[in-house]
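Participant: Have a look; sequence and predicted model below, questions after that.
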Amino acid sequence: MQNTNPIKEAEFKQPNILKHFMNVIKRNDLTHSYIFNGESGSGKLSVALSITMRLFCTNVQNNFPCGKCNECIRISRLEHPDIVFIKPDGRSIKVDQVRFLKSEFSKSAVEGNQKIFIIDQAEKMSTNAANSLLKFIEEPTGNIISFLLTSHKNRILPTIISRTQVVNFKSLPQHVFNQELKSSGVSSTDFNLIGTMTNSAKVAKQWFQDDWFNQLKKSIIRWFQLIARKNSESFIAVSSDILPLVKTPSQKRMAVNMMIQIWRDVLQTKYVPSGSENLKFPQMSGILEKVANHISEQQLIKIIEIILESNRLLSINVQFENILESITLQIMDKLNY
Amino acid sequence: MSYRALYRVWRPQRFDEIIGQNVITQTLKNALITNQISHAYLFAGPRGTGKTSAAKILAKAINCPNQKDGEPCNKCAICKAITNGTLNDVIEIDAASNNGVDEIRNVRDKAKYAPTEAKYKVYIIDEVHMLSTGAFNALLKTLEEPPANVVFILATTEPQKIPATIISRTQRFDFKRIRPKDILKQMEHILKSDQIDYDDRALKLIAKSAEGGMRDALSILDESMSYGDDKVTYQSALQVTGSVTQDLLYDYFVEVVDHDTKSALMNVQKILADGKDANRFIEDLINYCQDLLLYKQSPQMIEDHELSVFDDRFKSLVKKVDDRIIYKIIEEVSNIQQQMRFTSHPDVYLEVLTVKLANIKITPKSSDDGNQGLIDQLSGQVKELQSEVKALKKQSIASQSKLTKVNPEHNKPRPVHKERHEQPVKINLEKIYPVLNHATKKDLNRIQNAWQELLPMLKVTQRAIMNVSKPVAASSDGVVVSFEYSFLYRRADSSKELIQALEDGLNRIIGYSPTIVFVPSQKWPTIRKNYITSNYLKQHSDNQNHHNQSSQSSSGDHSSDSNSKSDHSSSDSNDKNDPKNDHENSQPNPIVKKAIDLFGNGIIDVKND
Ligand SMILES: [Zn+2]
Ligand SMILES: [Zn+2]
């Protein structure tokens, strides 16, 4: 499953947190339950696995796991019998999965006396699943440590949060992420835009495997240019340019996100013209400046709010075509066609 | 793994060690001392407030052979076994993972058998609201015919999800959110006894972010310690809670108020680039605004009650910024907060918010502050009172023949409104009087108790308004709430949403939603006095002398305010008197009695005015 070495990845992405935990283990201060909160790609799983390896490794070196012994290898492949890894089965983590986890742990540890469970995307636990985990997290029988990984801590049951220690994972510093992107062959003009969509270079790389990302970006830029020129062709561009490119839910989210980001660039240009290094579409600076000069504050804020609001409709299964068309119509209306 | 989380190490083992729930623990101890043990208890309240701890202590105290003053000894075999969860007669059930009927049936079957080692079999059912309907029915059957020597303790964070039939068979205790001050004290106690260094500001920050739960507080404290190399530093507390420093908040606030969009945007971008949580920043910002408002109103009060650290820069803002701007900011921020909860673009929302905030403008000069405003208000009040007195006199004379028989509720005095013009504050006597007609001390006490619990349920903006409110009279279906500041009164009175939230909240806490009427506190004594006097007039309309006497006393005299205001909650009033007496009895005495019933003894001086 996991083909890179978790320790290396953790060291690269979250050196401070990794070092912190290695020391915590050395002091014997590890507690029984953690929530790792941070964007996907911020290294939550690799830190959790590194901690696990440190606990099981038969050949600890300089307070770090060796990464080579039988224990370390089985852990990095998620094949160790004393580690249970759960992730959403479909859209949610169901109560049966938590029951399975608990039954696994009611047996004594298979090999040692230490057991670890990791729940990925823990915010997707159903309320029942989360509730049934409560007691278990608080008073685990035996030597059990739990790691709940999430990118949306706010969606986790408060009674669970209060029973755990929360560790906030910062998003990768832009320069670290850029370095990753660069080595994946991504052009530097796209760094900022990609940064708003993922923290994982691996994911970004996939977007560039075919020309898909560039095509989507071009279609959004064209849409923006048409709207900026108050050209009602923009409405047609939605179905002719953008729609054919987006199929999956995550592609839909990316399309709307690009719309948000390009208008956010207008906001940046209007108020912080010196901050051009933050632009997500730096190649567009000329037209951005023009739009920024002509648009009123009220119009601009309203437009961004329109797109943000529509973005929320994505999760309640409104037809995507309708969403984009409604965004376009509303913006045209705000700009007084 | 040897480290045990603080909240587990410091789990209370005696009632005395439970923080912030003195009324409950004292009641339980008294019951134990007098050996009055119920078959079923319901412990309701927010997370981390001590419900499960209290349940286990109760289980121990019931069974401990050395129980003293209602406390378990924690040394005998029984106590120890219960603490360790190994005593067979004390059964802890996690309803969340056992929500099936079968489990509860099982409980029912087994409950029949006498305890083996202890005196009482105790079932602690945690998160009991998670039981299925079938399971509730099975539980109900058991509670209807409770086996001897079995005690059920049901604990829940969501009592409103428990069927009324179950609740009615239990003795209910409502655990309150723990005050930040008490949380702070407990953390200090823990750190001192563990000889751990700490920064005062860090503890205050943690106490504030714990939202009334001791467990939350201790978890955050744990985490801060592990980052601060076993010290609790301000930096590590900021990191763990994700808060920003007061300095940063100040800078942002000033930029926004000065309409410096650019700097404010750059500031917010930096905050996010530092990995701070946008939601947390929004919370911090609202708290900062609230502190500003409260400090404006009563510096002393807030320094006593709140845990914020107020530096000179903060104080300079208090002087500089208009209330209305702060209110506008709070309004905008909480609007965004609602939308932001489920978004994947918190940073964009925050930038939009920043532009909006930096654009807030108000028309200069309000009548809320400054002496002229106050004078206008007072002279308006005087006029209003004079006209009310006139109206009362006229009315009571005109309608004296009818009044002797008719129920006062249908014949409340109607003040004449024509004579007033441009009053600063409108008061809804038509709504207030019906409440007063049926007000009792008992109802008032109940609402006052609920009030403390109610405030944390509100949205932050609403809480800011309601913090200075106080229930001053209540009947079985209505309550009068007074406000310390008239501008807050006006805000509250014009917000349907707020009234709705209060009604819903009260419904959750006390099981019904009374009609809520607001009054500004400086008018309350007069309203109250007028009411009592007019009642008096009604009942004694045959006696002309009394008119003069009483109308004099109702002419807006404020001298008794300071006496009566703080005495509303005194509980030594007598309940002997039957309100019916008021209509038949022609002695002046019942009115005073009624007054005492309504408001406590402090009102007694009305008669002597
Ligand atoms: Zn190893
Ligand atoms: Zn004992």
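Facilitator: Structure's in. What do you need? The shown structure was predicted, so the numbers you read here are calculated from the model rather than taken from an experiment. Residues are numbered from 1 along each chain as shown, chains lettered A, B, ... in the order given. Ligands and ions are numbered 1, 2, ... in the order given.
Participant: How about the contacts made by the closest residue to chain A within the stretch 151-300 of chain B?
Facilitator: Proximity of the stretch 151-300 of chain B to chain A (Cβ to the nearest Cβ) peaks at B:Gly275, 3.4 Å away. Backbone N, C-alpha and C define where each C-beta goes, glycine included. The contact partners of B:Gly275, by Cβ atoms under 8 Å, 6 or more residues apart in numbering or on different chains, come to A:168, A:170-171.
Participant: Next: A:Gln330.
Facilitator: A:303, A:306.
Participant: from the contacts of B:Gly275, which has minimum pLDDT?
Facilitator: Lowest in pLDDT among the contacts of B:Gly275 is A:Ser171, which has 77.
Participant: Which residues are in contact with A:Met254?
Facilitator: Counting by Cβ under 8 Å, 6+ apart, A:Met254 touches A:197, A:216, A:246.
Participant: ok, and for stretch B:334-348, which residues are buried?
Facilitator: Going by neighbour count (16 or more other Cβ atoms under 10 Å in any protein chain shown), the buried part of stretch B:334-348 is B:334, B:336-337, B:340, B:343-348.
Participant: Any part of it near chain A?
Facilitator: Yes - residues of stretch B:334-348 are located near chain A by Cβ under 8 Å from any Cβ of the partner chain, namely B:339, B:341-345, B:348.
Participant: out of those residues, which one sits closest to B:Gly511?
Facilitator: Nearest to B:Gly511 out of those is B:Arg341 (Cβ to Cβ; 29.3 Å).
Participant: Quick check: phi and psi at the closest one.
Facilitator: phi -60, psi -40 (degrees, to the nearest 10).
Participant: Please, where are all the strands along the chain?
Facilitator: All of this is about chain A. A:33-37, A:83-86, A:114-119, A:143-150, A:165-168 (DSSP state E).
Participant: The intended chain is chain B.
Facilitator: B:40-44, B:90-94, B:121-126, B:150-156, B:171-174, B:469-474, B:478-483, B:515-520.
Participant: would a markdown table of those with distance to ligand 2, mean neighbour count and mean pLDDT be doable?
Facilitator: Output for the strands of chain B, formatted as a markdown table (distance: least, Cβ to the ion, whole Å; neighbours: other Cβ atoms under 10 Å in any protein chain shown; pLDDT from 0 to 100):
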| stretch | distance to ligand 2 | mean neighbour count | mean pLDDT |
| --- | --- | --- | --- |
| strand B:40-44 | 20 | 24 | 95 |
| strand B:90-94 | 12 | 21 | 85 |
| strand B:121-126 | 14 | 25 | 92 |
| strand B:150-156 | 16 | 24 | 94 |
| strand B:171-174 | 22 | 18 | 94 |
| strand B:469-474 | 42 | 24 | 87 |
| strand B:478-483 | 45 | 25 | 88 |
| strand B:515-520 | 48 | 22 | 87 |
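Participant: Indicate which one of those is closest to A:Ile7.
Facilitator: Nearest to A:Ile7, of those and by Cβ to Cβ, is strand B:90-94 at 36.6 Å.
Participant: Could I get the strands of chain A in a markdown table, plus columns for mean neighbour count and distance to A:Ile295?
Facilitator: Below are those laid out as a markdown table (neighbours: other Cβ atoms under 10 Å in any protein chain shown; distance: least, Cβ to Cβ, whole Å):
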| stretch | mean neighbour count | distance to A:Ile295 |
| --- | --- | --- |
| strand A:33-37 | 24 | 36 |
| strand A:83-86 | 20 | 48 |
| strand A:114-119 | 23 | 46 |
| strand A:143-150 | 23 | 38 |
| strand A:165-168 | 20 | 36 |
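Participant: returning to what we had before: of all the buried residues of stretch B:334-348, which two lie farthest apart?
Facilitator: B:Ser334 and B:Ser344 (20.5 Å).
Participant: for the strands of chain A, which one sits closest to ligand 2?
Facilitator: Nearest to ligand 2, of all those, is strand A:143-150, at 29.3 Å by Cβ to the ion.
Participant: would you put the C-alpha positions of that closest one in CSV?
Facilitator: C-alpha atoms of strand A:143-150 as CSV (Å, rounded to 0.1, in the frame of the first residue of the first chain):
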residue,chain,number,x,y,z
ASN,A,143,-1.9,-1.3,26.0
ILE,A,144,-3.8,0.3,23.1
ILE,A,145,-3.0,3.5,21.4
SER,A,146,-5.4,5.1,18.9
PHE,A,147,-4.7,7.6,16.2
LEU,A,148,-7.6,9.3,14.5
LEU,A,149,-6.6,11.1,11.4
THR,A,150,-8.7,13.9,10.0
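Participant: weakest of the strands of chain A by average pLDDT?
Facilitator: Among these, strand A:165-168 scores lowest, with a mean of 86.
Participant: That strand pairs with which strands?
Facilitator: strand A:33-37 (parallel) (DSSP bridges).
Participant: and the angle for the partner strand with strand A:114-119?
Facilitator: 30 degrees (axes from the mean of the first three to the mean of the last three Cα atoms, to 10 degrees).
Participant: quick revisit: can you add distance to ligand 2 and give the strands of chain A back as JSON lines?
Facilitator: Shown next, in JSON lines, are the strands of chain A (distance: least, Cβ to the ion, whole Å):
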{"stretch": "strand A:33-37", "distance to ligand 2": "30"}
{"stretch": "strand A:83-86", "distance to ligand 2": "39"}
{"stretch": "strand A:114-119", "distance to ligand 2": "34"}
{"stretch": "strand A:143-150", "distance to ligand 2": "29"}
{"stretch": "strand A:165-168", "distance to ligand 2": "33"}
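Participant: Same list as before, those strands that is, but in CSV and with distance to B:Ile360 included.
Facilitator: Formatted as CSV, those follow (distance: least, Cβ to Cβ, whole Å):
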stretch, distance to B:Ile360
strand A:33-37, 32
strand A:83-86, 47
strand A:114-119, 43
strand A:143-150, 35
strand A:165-168, 31
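Participant: What residues of stretch A:289-301 count as buried?
Facilitator: Quick answer for stretch A:289-301 (16+ other Cβ under 10 Å): A:291-292, A:295, A:300-301.
Participant: between those, which is nearest B:Asp322?
Facilitator: A:Ile301 (22.9 Å).
Participant: Contacts only, for the closest one.
Facilitator: B:352, B:355-356.
Participant: Could you dump the strands of chain B into CSV and include distance to chain A?
Facilitator: Output for the strands of chain B, formatted as CSV (distance: least, Cβ to the nearest Cβ, whole Å):
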stretch, distance to chain A
strand B:40-44, 14
strand B:90-94, 4
strand B:121-126, 7
strand B:150-156, 11
strand B:171-174, 18
strand B:469-474, 27
strand B:478-483, 29
strand B:515-520, 28
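Participant: and the gap between A:Asn143 and A:Tyr34?
Facilitator: According to Cβ to Cβ, to the nearest Å, A:Asn143 stands 15 Å off from A:Tyr34.
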